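S.K.: Below are the sequence and a predicted model for it; my questions follow.
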Amino acid sequence: MMKAGKYLMMLLVVLATVSCKHQNKQFILNEGVVWTTEYHIKYEASADLNDSIQQLFKDIDESASAFNKQSRITLINDNKSDEADAFIVKLYNKALEVNSASGGLYDPTVMPLVNAWGFGYKSGELPTQAQIDSILQFVGLEHTSLQGNRIVKDDPRVQFDFSSIAKGMACDEVAAMLERNGVENYMVEIGGEVVTRGVNPTGQQWHVSIDMPEPDGSNGAQHSSALVITLDGQAVATSGNYRKYKESGGKKLSHIVNPKTGGSETSNLLSVSIVAPDCMSADAWATACMALGEEKTKAMMEGNDKLGVMTISVDAHGNFIIWSNKRFADLVVE
């Protein structure tokens, strides 16, 4: 009888401790600006994890930012080192995967072309066709290989720009850090790229709004929703040519550069949103589909049951046209 009473008392203490820990959990919001874009991270935890989030941002910037002159990727681009750290290995392998699956239309070695068009860390006169043709000779992941932790280039002029998937990786890395700290319910959003798990503060699935492209003359701060989707344990990323562009000779030049032609993409496709198991994949595929264009994206993604895809294009009369495959449509909130 004494033993039974003792065990009962121990059980009550354990249950009380678990209950107390659960009661101490609350939803915390960390937000600010990183890499010139806003971030909002909401999670249920018993302690504020902002210090860990900031450390991750710092580590990723020092690894993968081509705009950071002391970063690891800058050293590789400048041929001062060939050593890749864990972040760059992840970025390179994901880029290789999507590059192969997209027929080469996702390629992080477009950095010299991005610079030539004035969307990188250099600016100046727009490139001539002869200059583009010259640069294309050393653009392409086939000019590189990953050997252990070394990135080997067959031409020293090859340079990497992982900015199209670095935010996606940052979302994934923050999510992984939260989970290591026992967080089960969270939403990580960096510049419109989103990863979620579990439920929101109201106990419902997380709802994510997909932006409608902005009208000409917008200052970039306006947002209107095209639709809302639910996400749990998945990620969504959007790539578009309606916010980041420049004008020349009355034409809009998109920051999306086609690694095959070397040209700044101009088409009726305004944005592509991708739902994927991880944000780095979503990011890469959104960029690849912008280069693919509307019709090729539809043909490739119509029956895809792993990636949810939504495109927003504009017709000859300026009307928006929204298309999605079934994988994406199943997530839309009615």
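M.R.: Sure thing, it's come through.

S.K.: Only C-alpha atoms from now on, for both contacts and neighbour counts.
M.R.: Noted.

S.K.: So which residues of the stretch 151-300 of the chain form strands?
M.R.: Ranges of strands within the stretch 151-300 of the chain are 186-190, 193-197, 206-211, 225-231, 235-240, 245-248, 251-254, 269-276, based on DSSP state E, counting those that start in this stretch.

S.K.: and those, which one is worst for confidence?
M.R.: Lowest mean pLDDT within the strands of the stretch 151-300 of the chain: strand 245-248, a mean of 46.

S.K.: Pop out the phi and psi values for Ile60.
M.R.: Here the main-chain torsion angles of Ile60 (degrees, to the nearest 10) amount to phi -70, psi -40.

S.K.: going forward, begin numbering at 59 instead of 1
M.R.: That works, and once the first residue is 59, the last one we named lands at Ile118.

S.K.: So what's the residue count around it?
M.R.: 21 (other Cα atoms under 10 Å).

S.K.: And it, how close does it get to Ser129?
M.R.: For Ile118, the distance to Ser129 equals 9 Å [Cα to Cα, to the nearest Å].

S.K.: rewinding a little: and the strands of the stretch 209-358 of the chain as TSV, adding mean neighbour count and distance to Ser139?
M.R.: Below are those laid out as TSV (neighbours: other Cα atoms under 10 Å; distance: least, Cα to Cα, whole Å):
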stretch	mean neighbour count	distance to Ser139
strand 244-248	25	30
strand 251-255	27	31
strand 264-269	19	40
strand 283-289	16	40
strand 293-298	27	31
strand 303-306	12	33
strand 309-312	18	32
strand 327-334	26	33
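
S.K.: can you tell which of the ones you listed is closest to Ser110?
M.R.: Judged by Cα to Cα, the one of those that comes nearest to Ser110 is strand 244-248, at 13.6 Å.

S.K.: List the contacts of stretch 224-241.
M.R.: Residues outside stretch 224-241 that contact it (Cα atoms under 8 Å, 6 or more residues apart in numbering): 101-103, 107, 110-111, 114-115, 118, 122, 149, 242, 244, 246-249, 251-254, 295, 336-341.

S.K.: Columns distance to Thr355 on top of the strands of the stretch 209-358 of the chain, output as TSV?
M.R.: Output for the strands of the stretch 209-358 of the chain, formatted as TSV (distance: least, Cα to Cα, whole Å):
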stretch	distance to Thr355
strand 244-248	25
strand 251-255	20
strand 264-269	18
strand 283-289	19
strand 293-298	13
strand 303-306	22
strand 309-312	18
strand 327-334	9
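
S.K.: do you know which of those strands lies nearest Ala387?
M.R.: strand 283-289 (8.5 Å).

S.K.: For the closest one, C-alpha coordinates in CSV please.
M.R.: Taking C-alpha atoms only, strand 283-289 is exported to CSV below (Å, rounded to 0.1, in the frame of the first residue of the first chain):
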residue,chain,number,x,y,z
SER,A,283,-4.3,38.9,-51.8
ALA,A,284,-4.9,36.7,-54.8
LEU,A,285,-6.0,33.8,-52.5
VAL,A,286,-5.2,32.1,-49.2
ILE,A,287,-3.9,28.5,-48.7
THR,A,288,-3.5,26.3,-45.6
LEU,A,289,-0.1,24.9,-44.7
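
S.K.: So which elements touch it?
M.R.: strand 264-269 (3 or more Cα pairs under 8 Å, 6 or more residues apart in numbering; DSSP states H and E).

S.K.: Output the contacting helices and strands for the strand it packs on.
M.R.: For strand 264-269, the elements it packs on are strand 283-289, judged by 3+ Cα pairs under 8 Å, 6+ apart.
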